[in-house]
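Trainee: Turn this into a structure:
(2 chains)
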Amino acid sequence: MVQEIIAFTILGLAVAFLVKKFFWKSKKKKDCGGGDCGCS
Amino acid sequence: MSIQNINVALIGNPNVGKTSVFNMLTGLNQQVGNYPGITVEKKIGFCKLPHNIKANILDLPGTYSLNASSMDESVVIELLLNKNDKLYPDVAVVVTDVENLKRNLLIYTQIKDLEIPTILVINMADRMETKGITLNIPYLEEKLKTKIALVSSRKSRGIEELKNLIVSYKTIPNEPCLNSTVIDKDYFEKLQHAFPNQLLYKLWLVITQDVNFSNLDRNEIRSTFTKSHSELKRLQQKETIKRYQFINDVLKEGLKVDASMAKDIRAKLDRVLTHKIWGYFIFFAILFIIFQSIFSWSTIPMDFIDSTFASLSSWVAEELPSGILTDLLSQGIIPGIGGVIIFIPQIAFLFLFISILEESGYMSRVVFLMDKIMRKFGLSGKSVVPLISGTACAIPAIMATRNIENWKERLITILVTPFTTCSARLPVYAIIISLVIPNERVFGVLNMQGLSLMLLYLLGFGTAILSAYILNKILKLDSKTYFVVEMPSYKLPLFKNVGINVVEKTKAFIVGAGKIILAISIILWFLASYGPGKDFNEAEAIVKERTIQKPLNEVEFENAVASQKLESSYIGIMGKAIEPAISPLGYDWKIGIAIISSFAAREVFVGTLATIYSVGNSDNEATIKSKMQEEVNPVTGEKIFNFATGISLLLFYAFAMQCASTLAITKKETNSWKWPAMQLVFMSALAYFVALLAYQLLK
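Mentor: Numbering: from 1, shown residues only, chains lettered A, B, ... in the order given. Purely as a prediction, here's the structure:
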């Protein structure tokens, strides 16, 4: 039982990490690659 | 007595030894991060100075001038113009190379005009004697209105003098080098009249540069004082000419070069290394040696890491109480971490070689040599480095595109680099080639299996170049295109710099991509270890019933149950679900599972097939191979891994974007999901259609 709780917690953390990493909208500035990118 | 904190910005052209000065000032007291919102590396170090002063040393990206053409250069301008930035420098230290003083002083004069206290460091002073150079330091200090530190990062000389100058930065005059009104008298006088409280040169940068400025309403300035693009360009050129006139006048008296005293082998070496035939020959010979070394030297540490993690998995499985957590640790997390750590030797060796080539000054010659060829395909000479690095791993290779100034060229390089054959494709290629290509010799010399592998490498590189050509035609991005490359002197690499670079790059891979690979491994393990319905839950009973006529021994039975469970697991169901889509390519559901599970990382393909074919251990290649060879399609009765399926699979893995970490790093580097999504769709579609075509033609 304890093993299951810990294992599924790890799974939850892994999913949360990936969601945060790839789908969480950060408030960072847009691409400033070059030209008139409008980041100013 | 309280400690006084000051900010010191190290600024200078690329390849002037700025990072060496930074390392000498800070030692290992360094922090590496990114500037907010962009992926330009930010390095801050700390240095204790006399009189209880603590200096925060900021190593800014190398830049030729304050006319921004790359992200790196924009960072420098934004910092120097924003007094509210917590890193705004109390003093700027402009690092120059004694051999390239004229060009290096351009940015110095621009920073002086921003009225920031500026110290001039003339680096590589130890080479003055061999180059026949003499400097009149008091004269230069007077004309350039600064204090000069003669430094030799190679001989660790002059750093204490520099520290003392930083401490007394308040005594350095803030006068500009160039009166900005000389650029266009009427225009600048009107500008000054409209904004009497602003620095004239700062206003000029607001008008001409696309960077962030605080406290200034750029639209107001631009709308009132706008000029046509060509007129602004003309004035910028005039500014540069005026600055070089000033620099020439100063150096005429301050710098003497006695060519008869110089013992210069640089010119002789350049003639050979950038020769239109020998240059390429030498370059490819060096590449050949590097890749031979990377693969042969990496084998021992990689095998050690592999066996250590395998032993750890087995130890955990045996010693910990049996249960889901133990299984997750031994089959998911430990192999997941091992799957990241195993790439450390290759990445470290690759960056070791790249750092040595960069430090020695050779890489700039390669960039110059390749620029002409690459430009025809929409790439830059600087794209060569990422395309070469991609042979080990696309992740550091994409990170290596940061020094390409032109955004379009940088983007195209990022998008096509994953076509280069990375080391993760090797296990896939090795097993499939050994299955479908006969181990025979052509002309009695060339081994066909080896030749196939080489062709796959060439195919990857060729596709990258061709895709770049197509993208160059399709992408409508407005980008400035010009090519400036520093030709630094040849020198022996500083091992401290090489070491720091290797550690930083390896750490970035482990911390950045490693977390993603680990998380995906955990999820994949759950998907492969759980399944719905009785097919999964009653796997043992189903296998017993199926083998009642022909009983299996204990190991065979366990393998058959594992195979049944995998087939009924969530990932197995996914494999079955995609079977109709992949059967025209010659694949069955088991290969489908391997393709799904290897989406995160290609090398997972072999391990997954090993599990599916009830072998249990992907290290035992002979066993996997024999099982794969025996695998028969139950419908057609033909062998699954025949020549057509094998070639189809090889081509699929040559083109498919089977690497979540590469997508993640593309997102990170482009700051947008649009480009990795395009990469994924384009590469997957290409892989599918080429594999389909190959199978249908060859079957």
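Trainee: Tell me how far stretch B:231-240 lies from the chain's centre.
Mentor: 34 Å (Cα atoms, centre = their mean, to the nearest Å).
Trainee: buried set for it?
Mentor: B:235-236, B:239 (16 or more other Cβ atoms under 10 Å in any protein chain shown). Bear in mind the C-beta positions are built from the backbone N, C-alpha and C, glycine included.
Trainee: and that stretch with chain A, contact?
Mentor: No. Legend: contact between stretch B:231-240 and chain A by Cβ under 8 Å from any Cβ of the partner chain is lacking; minimum distance shown is 13.4 Å.
Trainee: Export only the CA atoms of that stretch, formatted as CSV.
Mentor: What follows is stretch B:231-240, C-alpha atoms only, in CSV (Å, rounded to 0.1, in the frame of the first residue of the first chain):
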residue,chain,number,x,y,z
GLU,B,231,19.0,57.4,-44.4
LEU,B,232,19.4,55.9,-40.9
LYS,B,233,21.8,53.3,-42.4
ARG,B,234,23.8,56.0,-44.1
LEU,B,235,24.1,57.9,-40.8
GLN,B,236,25.1,54.7,-39.0
GLN,B,237,27.8,54.2,-41.5
LYS,B,238,28.9,57.7,-41.1
GLU,B,239,29.1,57.2,-37.3
THR,B,240,31.2,54.1,-37.8
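Trainee: Just the closest of the buried residues of stretch B:231-240 to chain A, please.
Mentor: Nearest to chain A among the buried residues of stretch B:231-240: residue B:236, at 16.1 Å, using Cβ to the nearest Cβ.
Trainee: Nearest to residue B:410 among the buried residues of stretch B:231-240?
Mentor: Distance to residue B:410 across these (Cβ to Cβ) is lowest for residue B:236, with 22.8 Å.
Trainee: Isn't that closest one up against residue B:67?
Mentor: Yes. Counting by Cβ atoms under 8 Å, residue B:236 does reach residue B:67; the two are 6.4 Å apart.
Trainee: Please enumerate the shared neighbours of the two.
Mentor: The overlap between the contact sets of residue B:236 and residue B:67 (Cβ atoms under 8 Å, 6 or more residues apart in numbering or on different chains) consists of residue B:208.
Trainee: the domain parsing of chain B - what is it?
Mentor: Listed by automatic domain parsing, the domain ranges of chain B are B:4-171, B:180-260, B:522-698.
Trainee: Would you mind giving those domains as JSON lines with distance to residue A:15 and mean pLDDT added?
Mentor: Converted to JSON lines, those look like this (distance: least, Cβ to Cβ, whole Å; pLDDT from 0 to 100):
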{"stretch": "domain B:4-171", "distance to residue A:15": "25", "mean pLDDT": "83"}
{"stretch": "domain B:180-260", "distance to residue A:15": "36", "mean pLDDT": "75"}
{"stretch": "domain B:522-698", "distance to residue A:15": "7", "mean pLDDT": "80"}
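Trainee: contacting residues for the nearest residue to residue B:662 once chain neighbours are set aside?
Mentor: The spatial neighbour of residue B:662 that comes closest, neighbours along the chain excluded (Cβ to Cβ, 6 or more residues apart in numbering or on different chains), is residue B:394 at 4.6 Å. With contact taken as Cβ under 8 Å, 6+ apart, residue B:394 is in contact with B:417-418, B:420, B:422, B:659, B:662, B:665.
Trainee: Just put the domains of chain B in a markdown table and tack on distance to residue B:334.
Mentor: Formatted as a markdown table, these follow (distance: least, Cβ to Cβ, whole Å):
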| stretch | distance to residue B:334 |
| --- | --- |
| domain B:4-171 | 29 |
| domain B:180-260 | 46 |
| domain B:522-698 | 11 |
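Trainee: right, and those - which one's nearest residue B:316?
Mentor: That would be, of the domains of chain B and by Cβ to Cβ, domain B:522-698, which comes in at 13.7 Å.
Trainee: hang on, the earlier thing: what's the farthest-apart pair in the contacts of residue B:394?
Mentor: The widest separation within the contacts of residue B:394 (Cβ to Cβ) is 14.1 Å, between B:420 and B:665.
Trainee: With neighbour numbers in mind, choose between the two.
Mentor: residue B:665 (28 against 22; other Cβ atoms under 10 Å in any protein chain shown).
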